[in-house]
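Engineer: Fold the stuff below for me.
(2 chains)
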Amino acid sequence: MTGGRGAAQLEVRGLVKEYNLGSTLRRQPFRAVDDVSFTLTSGQTVALVGESGSGKSTIARMLARLTRPTAGTIALDGTPVGQRAAAVRRYRGDVQMVFQDPFSSLNPSHTVGYHLRRPLRLHGVVHDRASERAEVLALLRRVSLNPAEQYLHKYPYELSGGQRQRVAIARALAPRPRVLLADEPVSMLDVSIRLEILNLIDRLKSEDDLAVLYITHDLATARHFSTELLVLYRGAVVERGGSDEVILEPAHPYTSLLASAAPDPLGRRELVPLDVVGSTEAAEAARRPTGGAVTGCRFAPRCPYAAEICAQDPPPFPVPADQPGGTMPADGRRPGIHLARCWLHDPEGRHPGRSSVAMSR
Amino acid sequence: MTVDLAAPGQAGSLVLSASDINVVYHGSRPTWAVRDVSLDLRRGEVLGLAGESGCGKSTLAYALTRLLRPPGDLTSGQVLFHDTGPDGDGSTVDITTLAGEQLRQFRWRKVAMVFQGAMNALNPVLTVRRQLADTLAAHLPGQSRDERDERCAELLELVGIDRSRLRAYPHQLSGGMRQRVMIAMALALRPDVVIMDEPTTALDVVVQRDILREIDRLRQQFGFAVVFITHDLSLLLEISDRIAIMYAGRVVEHGPARRIGSEPGHPYTAGLLNCFPSLRGPRRDLRGVPGNPPDLAEPLVRCGFTDRCRHVFADCREIVPPLSEVDYLPGGAVACLLHDGHRHPAGPPPELHGIDRPPGTVGGAPAAPAGDTGRTIGERA
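Structural biologist: Okay, the predicted model is just below:
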């Protein structure tokens, strides 16, 4: 079975989400997502990486129409998503989500079969009982739950975490989507089965020509399973580009920090001066909500390269990272232009430390 | 504060030696969570304990500290604590025989613990000061209030938090700071051993790195030994001196961290290493460890890894492989028959060693199905 319904392109432009903190009288807007744009294309995985609170999940929820964006557009194949119930349902048939926690995303009082029949009926994929059963079994086999008949009548509590997440993935595939949003799909699972689930999503992507958004805090799997990578810091994209380039040649100090902090059993590395960057108080200060308007670079309070200009003016974006070969496509993958939102890469060289900085790799 | 506890002369001597620990969770189906585990901990070292969920690593930690609660039951084994630290009396006590006041005096003063999910381990309705002072009041009742307050402030500064935060409630602190408070609490009585059960699992990588550096700094300053429990083997490889791998309640391999990372002796260790794609290395096909661990309520009559092992041969289903030393893997032991020259003359397959294998060899062959008993390494080669 091929679930795909042709190539898809999900374009996200200028996405903004503001929440109101504080009481009704003293409203304080907080920008959880600030002007984020990217495009999901069939057969490609885009990874969205950042710390907790960076807005990753908010973006996924907006794409899944679970949260309404404050501003910005989401367009599927060039058509902005409508507001009416029928339009939203059609959109949801195309864009499906796999949630982080398979322990709470499945209903404990319903069987696996029920979880898969519901979307098939709601989205009108099947019209009679016989084909419904065949379709449910096919979905289970696609996510390698074999023998499928055995799983039909099981309840979530009878399954392991990995098996539950497979059911959740099968459920997402049921309406035959063209876009799959995976929000930290393995972070609640045991290490030994994480790669299996990620490999499964990767295989389904190839088989169905799905456009996949992979949201994670784990740089290593983000690089491994994606072609393009976006690094979020406090709601804004600070660096983007081909996955290998962004991880191997980070252009933004925050990406370097993330990359140097991640454990790497193989890589020898030189550490970013963490005494400066990772100091608790600075990180603490940087995390506090600061109202809607941000002057200067959001990362400046933690940045070892911060200069006067960083605190005053927002860094220009996009700025191409000025590395040799930085925009070359790697092994035939789609070239992503490597961009960093940082004064260090200002073409006019307004950052004083520009020439002396050798970014840690 | 004064640093008089670092005792380089004492480094390397045994501080904790556990032998033949068995823990059963009683119930309608008794479950053997820890089976015949023995381990040694030396002063000032970091011993990493790794394995997937349910392998018994937390239960072992609770057994070592006598924190098991019914239905958990330490059915056999002894845990010797060698009180040879700077303010110890040189005696050796078996922790498993302590009771009442003796046990209360021993806990936290000699062996402290940083619990899993420290975010929730602090009491939300008490200030940081109250919670730190609580520990001190319980163990050092002679201290005056001012001394105690000063010590609380010192402890907080020790872990890199400003003393003004003593007045804070846990919800006013970030996850990383709460974790630091937990570490400060563990160090309050200058213990010889600190057991850390997944102390950084819920934290972001940058904060995690920060906490690890802090732990390392404090360890060098005070010379305590650390048992670091996590499922993240890639993390352990960086921070540990020695690593023990647990599987289905047993230690299946232990040895120097460097060797475990480069030359895993047990197929399960090799599998765990394959759960982590390298951040900067070449892209490779990785599989993790497919399959499920055995049911711990069943008696173990063969190698527990049999059904998930790519290198399984007939003898693996006959006996439980003993944890034995292997001469070409010095400084540790492996519980795998591949290294048994009599049962498996061909020796371990070359692809077992080294995680930097060429693409394809790692996940190239599917895991052996349960019924496939006849396959031997000879056929593979």
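Engineer: Which residues are in contact with residue A:114?
Structural biologist: When contacts are counted by C-beta atoms under 8 Å, 6 or more residues apart in numbering or on different chains, residue A:114 touches residue A:107. The way it works is simple: take the backbone N, C-alpha and C, and place the C-beta from them, glycine included.
Engineer: For the chain, which segments count as strands?
Structural biologist: Picked chain A for this. A:9-21, A:28-41, A:45-49, A:71-76, A:79-80, A:95-98, A:179-183, A:211-216, A:228-233, A:236-242, A:339-340 (DSSP state E).
Engineer: wait, chain B
Structural biologist: Going by DSSP E, chain B shows strands at B:14-25, B:31-42, B:46-50, B:72-82, B:92-94, B:111-114, B:193-197, B:225-230, B:242-247, B:250-256, B:324-326, B:329-334.
Engineer: which helices and strands does the last one pack with?
Structural biologist: Here strand B:329-334 touches strand B:250-256, helix B:257-262, strand B:324-326, going by 3 or more C-beta pairs under 8 Å, 6 or more residues apart in numbering or on different chains; DSSP states H and E.
Engineer: Among the ones you listed, which comes closest to chain A?
Structural biologist: Chain A lies closest to helix B:257-262 among the helices and strands packed on strand B:329-334, at 5.8 Å (C-beta to the nearest C-beta).
Engineer: roughly how far apart are residue A:151 and residue A:139?
Structural biologist: 10 Å (C-beta to C-beta, to the nearest Å).
Engineer: quick one, which of those two is more surrounded?
Structural biologist: A side-by-side neighbour count of residue A:151 and residue A:139, using other C-beta atoms under 10 Å in any protein chain shown, places residue A:139 first with 27 against 24.
Engineer: what does the stretch 1-150 of chain A have sitting close to chain B?
Structural biologist: Proximity of the stretch 1-150 of chain A to chain B is confined to A:51-52 under the rule C-beta under 8 Å from any C-beta of the partner chain.
Engineer: Name all residues that make contact with the residue of the stretch 1-150 of chain A found nearest chain B.
Structural biologist: At 4.2 Å from chain B, residue A:51 is the closest residue in the stretch 1-150 of chain A, using C-beta to the nearest C-beta. Contacts for residue A:51 (C-beta under 8 Å, 6+ apart) come out as A:217, A:233, A:258, B:204-206.
Engineer: try 6 Å
Structural biologist: residue B:204 (C-beta atoms under 6 Å, 6 or more residues apart in numbering or on different chains).
Engineer: what residue ranges in the stretch 101-250 of chain B are flagged as low confidence?
Structural biologist: Counting by pLDDT under 70, the stretch 101-250 of chain B has low-confidence residues at B:118-119.
Engineer: per-residue pLDDT, residue 307?
Structural biologist: Let's take chain A. The per-residue pLDDT reported for residue A:307 equals 82.
Engineer: if you could check chain B rather than the one you did, that'd help
Structural biologist: 90.
Engineer: and the gap between the closest residue in space to residue A:123 that isn't next to it in sequence and chain B?
Structural biologist: Nearest residue to residue A:123, sequence neighbours excluded (C-beta to C-beta, 6 or more residues apart in numbering or on different chains): residue A:175, at 3.9 Å. Counting by C-beta to the nearest C-beta, to the nearest Å, the separation of residue A:175 from chain B is 29 Å.
Engineer: count of residues packed around residue A:175?
Structural biologist: Applying other C-beta under 10 Å, I find that residue A:175 has 22 neighbouring residues.
Engineer: What's the per-residue pLDDT of it here?
Structural biologist: Per-residue pLDDT puts residue A:175 at 94.
Engineer: who's in contact with it?
Structural biologist: Applying C-beta under 6 Å, 6+ apart, the residues contacting residue A:175 are A:93, A:119, A:123.
Engineer: do residue B:254 as well
Structural biologist: B:244, B:332-333.
Engineer: Can you select the buried ones among the residues you listed for me in ChimeraX?
Structural biologist: Buried members of the contacts of residue B:254, identified by 16 or more other C-beta atoms under 10 Å in any protein chain shown, are gathered into one ChimeraX selection as follows:
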select /B:244,332,333
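Engineer: Grab the most central residue of chain A for me.
Structural biologist: residue A:215 (2.7 Å; C-alpha atoms, centre = their mean).
Engineer: Beta-bridge partners for it, please?
Structural biologist: For residue A:215, the beta-bridge partners under DSSP bridges are residue A:48, residue A:183.
Engineer: surely it meets residue A:48?
Structural biologist: Yes. Using C-beta atoms under 6 Å, residue A:215 is in contact with residue A:48, at 4.7 Å.
Engineer: where do the contact lists of the two overlap?
Structural biologist: residue A:56.
Engineer: Flag every residue of chain B that's near chain A.
Structural biologist: B:52-53, B:160, B:204-206, B:209-210, B:231, B:234-235, B:237-238, B:261, B:275-281, B:286-290 (C-beta under 6 Å from any C-beta of the partner chain).
Engineer: Return the subset of these lying in helices.
Structural biologist: Among these, the ones falling in helices (DSSP state H) are B:205-206, B:209-210, B:234-235, B:237-238, B:261.
Engineer: gap between the residue nearest to residue A:100 when sequence neighbours are not counted and chain B?
Structural biologist: Nearest residue to residue A:100, sequence neighbours excluded (C-beta to C-beta, 6+ apart): residue A:184, at 4.1 Å. According to C-beta to the nearest C-beta, residue A:184 stands 13 Å off from chain B.
Engineer: and chain B, what are its domains?
Structural biologist: With domains defined by automatic domain parsing, chain B comprises B:8-240, B:266-380.
Engineer: Mind putting the strands of chain A into TSV with mean pLDDT?
Structural biologist: Shown next, in TSV, are the strands of chain A (pLDDT from 0 to 100):
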stretch	mean pLDDT
strand A:9-21	90
strand A:28-41	89
strand A:45-49	95
strand A:71-76	93
strand A:79-80	90
strand A:95-98	95
strand A:179-183	95
strand A:211-216	96
strand A:228-233	94
strand A:236-242	91
strand A:339-340	86
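Engineer: now residue A:70: how far from residue B:294?
Structural biologist: On the measure of C-beta to C-beta, residue A:70 and residue B:294 end up 52 Å apart.
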